[in-house]
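Q: sequence and predicted structure below; questions after.
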Amino acid sequence: MTAPMLRELSCADDYDPDSLSVDAARAAIRRFLQPVTTVERVHIRAALDRVLAADIQSPLDVPGHDNSAMDGWAVRFADVDAVRPTTLRRIGESFAGKPYPGTVGAGEAVRIFTGAVMPHGSDTVVMQERATATAEGVTVAPNAVNRAGQNRRIAGEDVKRGAIVFRAGQRVRPAELGMLASIGVGECTVYRKLRVAFFSTGDELRSIGQPLAAGEIYDSNRYTLYGMLMRLNCDVVDMGVVPDVPEALERALASASATADVVITSGGVSVGEADYVRDLLAKLGEVLFWKIAMKPGRPLAYGKIGGAHFFGLPGNPVSVMMTFYEFVRDALLVLQGRRDVPPLPTLKATLATPIRKMPGRTEFQRGILTADGDGWAVRTTGEQGSGVLSSMSQANCFIVLPTDAGDLDAGTAVDVQVLEGLV
């Protein structure tokens, strides 16, 4: 299926490229996302954090046989008395991987260990704490078990032969690796990795190791972008710093879009005289929007250059991370083939201190979330300027303040997005 052209959005869609709400921007981007289609076959160890491109069907039952859920004694439930102690004759042992070869008859018991195959004729396991070994065999305490089948795992209880274990579009996590191994699957089909090229723009930027002249700063954005992209298991291409020269920017954008699925820049999308990226995007491709009614991160561009998606992020370091988590993250997950894109985990918390805010745009403040009795309390990290990168290092959540909200008093309930595992 071919994605619609960006120009299909118009004023008739209640679309204003100069003042788009956060929710409207997310929805607009989602309309133009089509997952990668190329797949590859990999060993399951190489599948970690990849996206399945085909359903996984189990070739066998898990467990493959009825087995004991604990150490104890395999017995016939009909032989155990609910009122008086029952003495049974011990006829053998069943170990995990070494089952008892015979059959349990009336008045008999087999010593059994966790995971061992249930002997023929037995239907119940008495836990070892409810029985005592004797010279005659084993004495089972009254009411040690109260139903047939107790402490017994049934074959196929976890996974049945022929069942669909995982669906295409699902991310492979450590638990999935274990499940694949448990059904004997050593390889799986996954979508190829998403290729993302990124660079920073700005004549004031220098790379680590270069001396700084007056007015120059080290480029931190490429490093936060690298970290965030690697967390999403992308194939990343760091193109360095590109100067604010139209010809150099045009070459960089053309080169990146020719080889990558997604191109991300930081800086150069506002309205300053030296901000050329927005104009070049219009020349080389199409632009959907370039401003969001949010703080921080208002100058955000999204569009297409050839077959590549383009995200022009702001230049301030906090804004780069904020816009990535609120917009780019979800888009990359969809492009990777995910069909269950999870939102950032959100919960309610009580403000520990007041917050100042002007109505008119959604605001994301960096916060520190702590347990408070049966609930949660949150406070800001302090100074909320978009250049204060230390606030992202200190934060474990975003405090999400809606568009129409004004100043908020301490004790007000607010939404917070939990960042643990993301930043």
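A: Thanks, I have it. Residues are numbered from 1 along each chain as shown.

Q: C-alpha coordinates for the helix ranked longest in the chain, PDB please?
A: The longest helix of the chain (DSSP state H) is helix 246-259. The C-alpha trace of helix 246-259 is given here as PDB (Å, rounded to 0.1, in the frame of the first residue of the first chain):
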ATOM      1  CA  PRO A 246      22.800  26.000   2.000                       C
ATOM      2  CA  GLU A 247      24.900  24.000  -0.400                       C
ATOM      3  CA  ALA A 248      26.400  21.900   2.400                       C
ATOM      4  CA  LEU A 249      23.000  21.300   4.000                       C
ATOM      5  CA  GLU A 250      21.500  20.300   0.600                       C
ATOM      6  CA  ARG A 251      24.200  17.800  -0.100                       C
ATOM      7  CA  ALA A 252      23.900  16.300   3.400                       C
ATOM      8  CA  LEU A 253      20.100  16.000   3.100                       C
ATOM      9  CA  ALA A 254      20.300  14.500  -0.300                       C
ATOM     10  CA  SER A 255      23.000  12.000   0.700                       C
ATOM     11  CA  ALA A 256      21.200  11.000   3.900                       C
ATOM     12  CA  SER A 257      17.800  10.500   2.200                       C
ATOM     13  CA  ALA A 258      19.400   8.300  -0.500                       C
ATOM     14  CA  THR A 259      20.500   5.700   1.900                       C
END
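
Q: which other residues reach it?
A: If you take Cβ atoms under 8 Å, 6 or more residues apart in numbering as the criterion, helix 246-259 is touched by 195, 197-199, 201, 237, 239, 242-243, 263, 265, 268, 276-277, 280-281, 283-285, 305-308, 310. In short, each C-beta sits where N, CA and C put it, glycine included.

Q: make it 6 Å
A: Helix 246-259 has contacts (Cβ atoms under 6 Å, 6 or more residues apart in numbering) with A197, F199, V242, V263, Y276, L280, L284, I305, G306, A308.

Q: the third one contacts G202, doesn't it?
A: No - between V242 and G202 there is no contact under Cβ atoms under 6 Å: 8.6 Å.

Q: show me where the stretch 1-150 of the chain has helices.
A: Residue ranges of the helices in the stretch 1-150 of the chain, as given by DSSP state H, counting those that start in this stretch, are 22-30.

Q: now it, which segments are flagged as low pLDDT?
A: 1-18 (pLDDT under 70).

Q: regarding the residue most central in space within the chain, what is its secondary structure?
A: In the chain, the residue lying closest to the centroid (Cα atoms, centre = their mean) is P342, at 6.9 Å. Three-state assignment for P342 (DSSP: H, G, I helix; E, B strand; the rest coil): coil.

Q: again, but for the one 5 residues further on
A: Assigned by three-state DSSP, the conformation of L347 is strand.

Q: and it, how close does it get to Q384?
A: 21 Å (Cβ to Cβ, to the nearest Å).

Q: please apply the same query to Q417.
A: 15 Å.

Q: and the angle for the helix or strand just after the longest helix of the chain with helix 246-259?
A: As assigned by DSSP states H and E, the chain's next helix or strand after helix 246-259 is strand 262-266. For strand 262-266 against helix 246-259, the angle by axes from the mean of the first three to the mean of the last three Cα atoms, to 10 degrees is 150 degrees.

Q: just checking, next helix/strand downstream of strand 262-266?
A: According to DSSP H and E, the helix or strand after strand 262-266 is helix 277-284.

Q: which residues does E93 contact?
A: When contacts are counted by Cβ under 6 Å, 6+ apart, E93 touches R111.

Q: for it, list each beta-bridge partner.
A: For E93, the beta-bridge partners under DSSP bridges are R111.

Q: what is the neighbour count of the residue nearest to D407 when sequence neighbours are not counted?
A: Nearest residue to D407 in three dimensions, chain neighbours excluded: R356, at 5.3 Å (Cβ to Cβ, 6 or more residues apart in numbering). By the criterion of other Cβ atoms under 10 Å, R356 has 10 neighbours.

Q: again with the one 10 residues further on
A: Look at R366: counted by other Cβ under 10 Å, it has 26 neighbours.

Q: hang on, it in a strand?
A: Yes - per three-state DSSP, R366 lies within a strand segment.

Q: please name the bridge partners of it.
A: F398.

Q: got it, and T103?
A: Assessed by DSSP bridges, T103 has beta-bridge partners H120.

Q: surely it meets H120?
A: Yes - T103 is within contact range of H120, at 4.3 Å (criterion: Cβ under 6 Å).

Q: do you know how far the closest residue to N143 other than its chain neighbours is from A144?
A: What sits nearest to N143 in space, not counting adjacent residues and going by Cβ to Cβ, 6+ apart, is A82, at 5.0 Å. With distances taken as Cβ to Cβ, A82 is found 9 Å from A144.

Q: please say which of these two ends up with more neighbours.
A: More crowded of A82 and A144, by other Cβ under 10 Å: A144, with 22 against 10.

Q: quick one: contacts for A148?
A: F77, D123, T124.
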